[in-house]
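[1] no letters, just coordinates:
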Ligand code: B12
């Protein structure tokens, strides 16, 4: 152990209050104050699989916002205790379901009943009518400029198609039967997303963006490669290219077992992947694509574990997925002492590991 | 290729526009309606289900195949003399309370229907009482319960427990499924069967009823 970990409560270490856009309350996270290079530069190296100095921890290294926070678009109240309905900025109806912990298209409603009529019936949200400037500036006030600016821009191509068509079933039938209409809609959608990106980046020097599009089921992808190539990959790539042109690192969030799309993701320029641990073999992906595609691996220790067990788990995650960079992580814990020690372990252990790797 | 093989191939490829015409032609040629149903459609859908199970085709292909079959059945129905003649039993299927995932449940409905059951789809977010109420129908042979979230697995447990208390429990079998569900969990909560996919669900349901 080369670096001594500052002990819990060390008076030389300050903490800051970290809250989440999804739940009430927050945590006092210790501030790691001995960074040999800027957080931003280290993050780029990690995300581009080029030998970073430590594993970026979103809890300590990121300022994070969901699109609604920087646009003022309507959004679910994630802390709600009762079910309720709301409309998103496209006019689509949603129901928030507290017991499931998320929103869901309002059952038995359909905004667009025929995809071939999208041009007449779908009104793209008028982003100029939203106060991006005010919201972005408000959010920036809560940020630490030394940390990276991470914005999740939310729903991607297939998810928006699904939302407008009142569910997956009709959207998937459209993809099978009306590929031209779907493709035309998604091209227009990509143009609109690009304008959203321009709007946000006008006010915030965004470093990192998450794009959300669920492509998989527990066992495989929803769609074939051919269908995706035909309709989805190209507009998606245009969105990613635009992010890259702005110097933004691209994260793709995609639920389900998406293994068969990994080579396409690399071609589309995805830098980091936020995918589901249960459905995917992270070790195999790291082995096969670890030099091209970074993985976000959240530290998710079992709540029953004691401190030592949590710390050894953190080391194991770093050892398994950290090689050569390509690992972005996050650690939170309800116990203040474990949160402190875990944060320090993730930082200092990964520094030791990368130093060893370089020598 | 015989007419029935042509129907089967059109169903497999999801050609909803072609199937009704082919069924009419087959009927005009004097083909047995029951054979059209069994060989042209039910068998074709099991091929589709099997391919889906083996990750050879995907959800959209399966949905369009089922739609194509539905279109064919509409044309066939009058010649079959009413739906009760072709049904091997009733199945009620739903997603548990709090859970609104329905893609998997819908595929299970489609496959069980294609296997010859009359299906009552209870929809999503279904309270345990609703399952029990529907299972009281003496024609019900299969009760299918779906859950996709670890947070709604307790609702599945409560639902199966309530079904297990039903006075007519020996009349029906309880089947469970969904991404987080395992055989172990199914055993633990007292379900009769768990299957990892819709094609197997259909063959297990059929085996329960026809033995
Ligand atoms: C599509 C999807 C959604 C869609 C649902 C659309 C719809 N109409 O169903 C949307 C976007 C709305 C959604 C919402 C949410 N989702 Co969701 N969703 C998925 C996803 C990506 C795919 C599920 C799916 O449709 N699979 C395709 C079908 C064909 O497969 P299947 O359902 O497994 O069904 C097959 C078998 O299981 C079996 N089967 C299914 N049912 C039955 C029943 C019987 C009787 C039998 C025998 C067999 C059987 O046969 C089927 C066909 O072969 C999964 C990812 C995954 N790994 O599964 C997440 C997933 C299930 N969702 C998840 C979450 C967390 C949510 C939300 C809470 C998210 C949020 N925070 O907003 C909400 C909850 C909403 C609610 N109240 O239910 C998590 C669950 C994690 C957990 N702890 O359990 C998953 C695993 C993704 C993840 N991030 O980890 N989701």
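    Thanks, I have the structure now. Only a predicted model underlies this, so the values are computations on that prediction, with no experimental measurement involved. Residues are numbered from 1 along each chain as shown, chains lettered A, B, ... in the order given.
[2] pLDDT of the helix or strand where residue A:253 lies, averaged?
    Secondary structure assignment for residue A:253, by DSSP states H and E: strand A:249-254. In this model, strand A:249-254 has a mean pLDDT of 97.
[3] same for the following helix or strand past it, what does it pack against?
    Moving toward the C-terminus from strand A:249-254, the next helix or strand (DSSP H and E) is helix A:262-268. Contacts defined by 3 or more CB pairs under 8 Å, 6 or more residues apart in numbering or on different chains; DSSP states H and E place helix A:262-268 against helix A:233-245, helix A:282-289. For the C-beta atoms, the positions are set from N, CA and C on the backbone; glycine is no exception.
[4] could you list the residues in contact with the shortest one?
    Residues outside helix A:282-289 that contact it (CB atoms under 8 Å, 6 or more residues apart in numbering or on different chains) are A:259, A:262, A:266, A:273, A:293, A:295, A:297, A:320, A:321, A:323, A:326.
[5] I'd assumed residue A:251 was in contact with the fourth one.
    If I follow you right, that is residue A:273. Yes: between residue A:273 and residue A:251 there is a contact under CB atoms under 8 Å: 7.3 Å.
[6] overlap in contacts of these two?
    Residues touching both residue A:273 and residue A:251 (CB under 8 Å, 6+ apart): residue A:296.
[7] which residues does whichever residue of the stretch 51-200 of chain A sits closest to the ligand contact?
    Nearest to the ligand, among the residues of the stretch 51-200 of chain A, is residue A:102, at 2.1 Å (CB to the nearest ligand atom). By CB under 8 Å, 6+ apart, residue A:102 lies in contact with A:76, A:96.
[8] same question for residue A:253.
    By CB under 8 Å, 6+ apart, residue A:253 lies in contact with A:152, A:210, A:211, A:212, A:213, A:214, A:274, A:275.
[9] gap between the first one and residue A:57?
    Plainly put, residue A:152 is 17 Å away from residue A:57 if you go by CB to CB, to the nearest Å.
[10] and residue B:17, by the same measure?
    55 Å.
[11] again, but for residue A:135
    When CB to CB is applied, the distance between residue A:135 and residue A:57 equals 26 Å.
[12] check chain B for its longest strand and report it.
    strand B:118-126 (DSSP state E).
[13] and residue A:17, what element?
    Using DSSP H and E, residue A:17 falls in strand A:15-19.
[14] that older thread, pull out the buried residues from the strand holding residue A:253.
    A:249, A:250, A:251, A:252, A:253, A:254 (16 or more other CB atoms under 10 Å in any protein chain shown).
[15] for residue B:119, which residues are in contact?
    Contacts of residue B:119 (CB under 8 Å, 6+ apart): B:90, B:91, B:92, B:93, B:109, B:112, B:113.
[16] turn those into CSV, columns for pLDDT and neighbour count.
    Output for the contacts of residue B:119, formatted as CSV (pLDDT from 0 to 100; neighbours: other CB atoms under 10 Å in any protein chain shown):
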residue, pLDDT, neighbour count
B:90, 96, 20
B:91, 97, 31
B:92, 98, 26
B:93, 98, 28
B:109, 92, 26
B:112, 93, 25
B:113, 90, 22
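[17] so which of these comes closest to chain A?
    Distance ranking of those against chain A, using CB to the nearest CB, places residue B:109 first at 11.0 Å.
[18] and the closest one, helix, strand or coil?
    Look at residue B:109: counting by DSSP: H, G, I helix; E, B strand; the rest coil, its state is helix.
[19] quick one: the helices in chain A?
    Ranges of helices in chain A, per DSSP state H, are A:39-47, A:58-61, A:67-71, A:118-121, A:132-141, A:157-164, A:168-177, A:179-203, A:225-227, A:233-245, A:262-268, A:282-289, A:307-321, A:336-358.
[20] specify the beta-bridge partners of the residue positioned nearest the centre of chain A.
    Centroid check for chain A by CA atoms, centre = their mean gives residue A:210 as the closest residue, at 4.1 Å. Taking DSSP bridges as the rule, residue A:210 bridges to residue A:152, residue A:251.
[21] residue A:149 is in contact with that one, correct?
    No: look at residue A:210 against residue A:149 with CB under 8 Å: they stay out of range, at 12.0 Å.
[22] re the thing from before, determine which two of the contacts of helix A:282-289 are furthest apart.
    A:266 and A:320 (20.7 Å; CB to CB).
[23] tell me, how many residues neighbour the residue nearest to residue A:242 when sequence neighbours are not counted?
    Counting by CB to CB, 6 or more residues apart in numbering or on different chains, residue A:242 lies nearest to residue A:194, which is 4.8 Å off, once chain neighbours are set aside. Residues lying near residue A:194 (other CB atoms under 10 Å in any protein chain shown) number 17.
[24] ok, residue A:194 - contacts?
    Residues near residue A:194 by CB under 8 Å, 6+ apart: A:238, A:239, A:242.
[25] so residue A:213 makes contact with residue A:161?
    No: Residue A:213 sits out of contact with residue A:161 when judged by CB under 8 Å, with a separation of 9.9 Å.
[26] name the residue in the two with the higher neighbour count.
    Between residue A:213 and residue A:161, counting by other CB under 10 Å, residue A:161 is the more crowded of the two (26 against 21).
[27] where does pLDDT dip in chain B?
    B:81-86 (pLDDT under 70).
[28] report the central residue of it.
    Centroid check for chain B by CA atoms, centre = their mean gives residue B:112 as the closest residue, at 1.9 Å.
[29] for the helix or strand hosting that residue, the distance to its chain's centre please.
    Following DSSP H and E, one finds residue B:112 within helix B:103-114. Helix B:103-114 sits 4 Å away from the centroid of its parent chain (CA atoms, centre = their mean, to the nearest Å).
[30] which residues in chain B form helices?
    All helices of chain B, identified by DSSP H, fall at B:3-12, B:19-28, B:33-35, B:43-53, B:59-80, B:83-86, B:103-114, B:128-135, B:153-164, B:183-189, B:198-210.
[31] pretty sure residue B:120 sits against residue B:89.
    No: assessed by CB under 8 Å, residue B:120 is found out of contact with residue B:89, at 11.5 Å.
[32] quick revisit: just give me the closest of the contacts of helix A:282-289 to chain B.
    When these are ranked by distance to chain B (CB to the nearest CB), residue A:259 comes first, at 10.5 Å.
[33] with adjacent residues omitted, what lies nearest to the closest one?
    residue A:280 (6.6 Å).
[34] check contacts around that neighbour.
    Residue A:280 is in contact with A:257, A:258, A:259, counting by CB under 8 Å, 6+ apart.
[35] tell me how many other residues crowd the first one.
    Using other CB under 10 Å, residue A:257 is surrounded by 21 other residues.
[36] now swap in residue B:3 and tell me
    Per other CB under 10 Å, the neighbour tally for residue B:3 reads 17.
[37] show me the contacts for the residue nearest to it when sequence neighbours are not counted.
    Spatially, and ignoring its direct neighbours in sequence, residue B:3 is nearest to residue B:26 (4.1 Å; CB to CB, 6+ apart). Listed by CB under 8 Å, 6+ apart, the contact partners of residue B:26 are B:3, B:4, B:7, B:36, B:40.
[38] how near is the third one to residue B:180?
    Think residue B:7. The gap separating residue B:7 from residue B:180 is 38 Å, by CB to CB.
[39] you'd agree residue A:87 is up against residue A:93?
    Yes: counting by CB under 8 Å, residue A:87 does reach residue A:93; the two are 5.8 Å apart.
[40] who has more neighbours out of those two?
    Using other CB under 10 Å, the more surrounded residue of residue A:87 and residue A:93 is residue A:93, with 17 against 12.
[41] phi, psi of the nearest residue to the more buried one once chain neighbours are set aside?
    Nearest-residue entry for residue A:93: residue A:106, 3.9 Å, with adjacent residues in sequence omitted and distances by CB to CB, 6+ apart. Per-residue torsions, residue A:106: phi -60, psi 120 (degrees, to the nearest 10).
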